[in-house]
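Participant: this one's structure only:
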């Protein structure tokens, strides 16, 4: 780009297309897509002609639709030009950005790019307009793959595509799993089909050289939002390819078989994805890490975005240096080589390429992850998963050995953006029951929406849904809003991603909450408790399902609010919708027992104790067997019966600047803290009344007061 035109824009794209300057047209289109990607769907800084009538803040969604329509028309003109060819290298760039091509068409009246694919049809006698056969040339396959979008209604044969070109086929499969919103039946169904088909084929790739490796973390993480029991199998294949790729780049693991040098304390190296004060991973794992410093010298490694509050958790903190993923990995290896860690620990894995790639290496004798993104790694190099006992559904869902901590051993830290005063709105006889849904775009799917639709259709009182959707901004939101409207019509309002307090305000005026499934809603439940609301959740065998059950039981909520099936979920929601007195009684149970504080209280010491005992076992025996782990867990449980010396405290009082995002409003790489699976949850000491009458008090509001300050003084 010239200095006179620093920003990408549609007018230049249209000029290049009109001049048949395909190279510059593709370059300009990629610049537009990269700008959208960096801004999580926003179009700030992209030049385009906006009708004067849309220069109105109340018409922001219409302005984005106008942009998408203009962009889709330009892309149509470019890709229907028979003289256009895209190189294999160019194809990788486009497929890495395909999620934004998808969103451009999905937010426009086109919905998808099938009208372009039809121009590639060489079928002389098509059964219907979407019965498409294309030339068996790489050039034709590339253009088809770039515009075969998640919303497409064209059926494809992946086996046939693989036979023609494995690299293009695998690259397309990566792209189809990359979007952060795949909620529609068409898009959700494609990802589901890919997850069933891809693992066997993916394992055959020699390395990542000919696929869009920059979106490999999307393949790794987004599989968790599917419904099938084997949805994480793709990780095993991806790990194999990553390992071969690293070995091809001359990666060498550390030799961890040698005795460690004398140390005042064993060293734990913690590799971070995101860890600033307003991020969910900080709020769920900072207390246990800070407490572990009693037993370990803890070194944190992460990015520049880790703020002072995050860095204060560690004895030392390093920013991973390097321009490429392999350079950053080598930097982490060097830090390990210089400090001789006994433990390598990652609080979360799946949101960043660094942790995923490192999970396929050996840098320390003991390597463990926690469930910042709650799912198995399927890595032969990850030995343990750290998890609270009541969050576990089925241990069969994990390839690792579980380190099961007491249920309050990872106490949460309050959000720095939580208001000091929260007002509770207790409408005892609403004409309309307002139902809040707090979810990121990734958690929306046809199954959950069908449940919402059934609740609306069967309810004996009028209901209105309020969807506070994290990550639904810019060109994403028109598509998400249309999706919600397709199920609930005018009985739902879809709110775009907004700052945390504005997001809370949406939910604050609701009468109840619904938690999405199958991927649960840790942060949404925390916000539910903060606002004195009550809701319904669905549990299951995956850890990201079962966390909801664990949290509901910690809050002392009755079992009937924890559904095992979608039908139970609908029935429980209807009971909560229609029985106003019972709903108010349950809300008062949470408010009067300060349910939010229940989630912040706990003893963060067992994590450090257990890891220290594992480290000692390794030092003495050079290995840690499963029997030893079981014994350690039993000992930790016994230790936890003793009174805690201190409840959870924020490791640092440093305040982060207010920003868009925690809980369901967490930033892109932060899919609001996930949940978990099916297991016997610990018994509750408090149980909410299930048939209690509504409180006699007529007041419709109640203030929490300075509960945030009280929490932080503990």
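Facilitator: Yep, that arrived. The model shown is predicted, which means the values in this text are computed figures rather than measured ones. Numbering: from 1, shown residues only.
Participant: in the protein, which ranges drop under the pLDDT threshold?
Facilitator: 1-5, 624-714 (pLDDT under 70).
Participant: Just the buried positions in the longest helix seen in it, please.
Facilitator: Secondary structure assigned by DSSP state H gives helix 60-79 as the longest helix of the chain. Of the residues in helix 60-79, those buried by neighbour count under the rule 16 or more other CB atoms under 10 Å are 61, 63-72, 74-79. All C-beta atoms are positioned from the backbone trio N, CA, C, and that covers glycine.
Participant: got it, and stretch 168-185?
Facilitator: Of the residues in stretch 168-185, those buried under the neighbour-count criterion (16+ other CB under 10 Å) are 168-184.
Participant: One more: stretch 501-512?
Facilitator: In stretch 501-512, the ones that count as buried by 16+ other CB under 10 Å are 503-504, 506-508, 510-512.
Participant: do stretch 262-278 as well
Facilitator: Buried residues in stretch 262-278, defined by neighbour count with 16+ other CB under 10 Å: 266-278.
Participant: Quote the end-to-end distance of that stretch.
Facilitator: 38 Å (CA to CA, to the nearest Å).
Participant: For the remainder of this discussion, apply numbering that starts at 45.
Facilitator: All set: I'll call the first residue 45, so the last point we hit is now stretch 306-322.
Participant: How far off centre is that stretch?
Facilitator: Relative to the chain's own centre, stretch 306-322 is displaced by 23 Å; criterion: CA atoms, centre = their mean, to the nearest Å.
Participant: How about stretch 518-536?
Facilitator: Using CA atoms, centre = their mean, we find the averaged C-alpha position of stretch 518-536 to lie 20 Å away from the chain's own average C-alpha position.
Participant: And the contacts of it?
Facilitator: The set of residues that contact stretch 518-536 without belonging to it, under CB atoms under 8 Å, 6 or more residues apart in numbering, is 80, 83-87, 105, 108-109, 111-112, 144, 147-148, 150-151, 224-225, 227-228, 485, 488, 493-494, 496-497, 500, 507-511, 513, 516, 538, 540-541.
Participant: Show me those that map onto strands.
Facilitator: By the criterion of DSSP state E, membership of the contacts of stretch 518-536 in strands covers 507-511, 513, 538.
Participant: Out of these, name the two that are farthest from one another.
Facilitator: In terms of CB to CB, the ones in strands among the contacts of stretch 518-536 reach their longest pairwise distance at 507 and 513, which sit 18.2 Å apart.
Participant: Looking only at neighbour counts, state which of those two leads.
Facilitator: residue 513 (30 against 24; other CB atoms under 10 Å).
Participant: I figured that one hits residue 480, correct?
Facilitator: No: under the criterion of CB atoms under 8 Å, residue 513 is not in contact with residue 480, lying 11.4 Å apart.
Participant: which stretch of helix or strand covers residue 349?
Facilitator: Taking DSSP states H and E as the criterion, no element holds residue 349; it sits outside all helices and strands.
Participant: quick one, what contacts it?
Facilitator: Shown in contact with residue 349 (CB under 8 Å, 6+ apart): 318, 320.
Participant: Residue 368 versus that one, what's the distance?
Facilitator: According to CB to CB, to the nearest Å, residue 349 and residue 368 sit 19 Å apart.
Participant: Run through the residues that contact residue 269.
Facilitator: Taking CB under 8 Å, 6+ apart, we find residue 269 in contact with 226, 486-487, 489, 562-563.
Participant: So which of these is the closest to residue 183?
Facilitator: Sorting the contacts of residue 269 by how near they are to residue 183, with CB to CB, puts residue 226 at the top with 28.2 Å.
Participant: I'd guessed that closest one sits against residue 194; true?
Facilitator: Yes: counting by CB under 8 Å, residue 226 does reach residue 194; the two are 5.8 Å apart.
Participant: thinking again about what came up before, so can I have TSV of the ones in strands among the contacts of stretch 518-536 showing distance to residue 609?
Facilitator: Written out in TSV, the entries for the ones in strands among the contacts of stretch 518-536 read as follows (distance: CB to CB, whole Å):
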residue	distance to residue 609
507	21
508	25
509	21
510	25
511	23
513	25
538	27
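Participant: Most neighbours among those residues, which one is it?
Facilitator: Counting by other CB under 10 Å, residue 513 has the largest number of neighbours within the ones in strands among the contacts of stretch 518-536, with 30 neighbours.
Participant: Now intersect the buried residues of stretch 212-229 with the helices, please.
Facilitator: Judged by DSSP H, the buried residues of stretch 212-229 include 212-220 as members of helices.
Participant: Out of those residues, flag the one nearest to residue 342.
Facilitator: Distance ranking of those against residue 342, using CB to CB, places residue 218 first at 35.2 Å.
Participant: Surely that closest one and residue 139 touch.
Facilitator: Yes: using CB under 8 Å, residue 218 makes contact with residue 139 at a distance of 6.9 Å.
Participant: Find residues that contact each of the two.
Facilitator: Counting by CB under 8 Å, 6+ apart, the contacts common to residue 218 and residue 139 are residue 256.
Participant: Provide a list of residues in contact with residue 210.
Facilitator: So residue 210 contacts 245, 248-249 (CB under 8 Å, 6+ apart).
Participant: swap the cut-off to 10 Å and go again
Facilitator: Under the criterion of CB atoms under 10 Å, 6 or more residues apart in numbering, the neighbours of residue 210 are 245-246, 248-249, 254-255.
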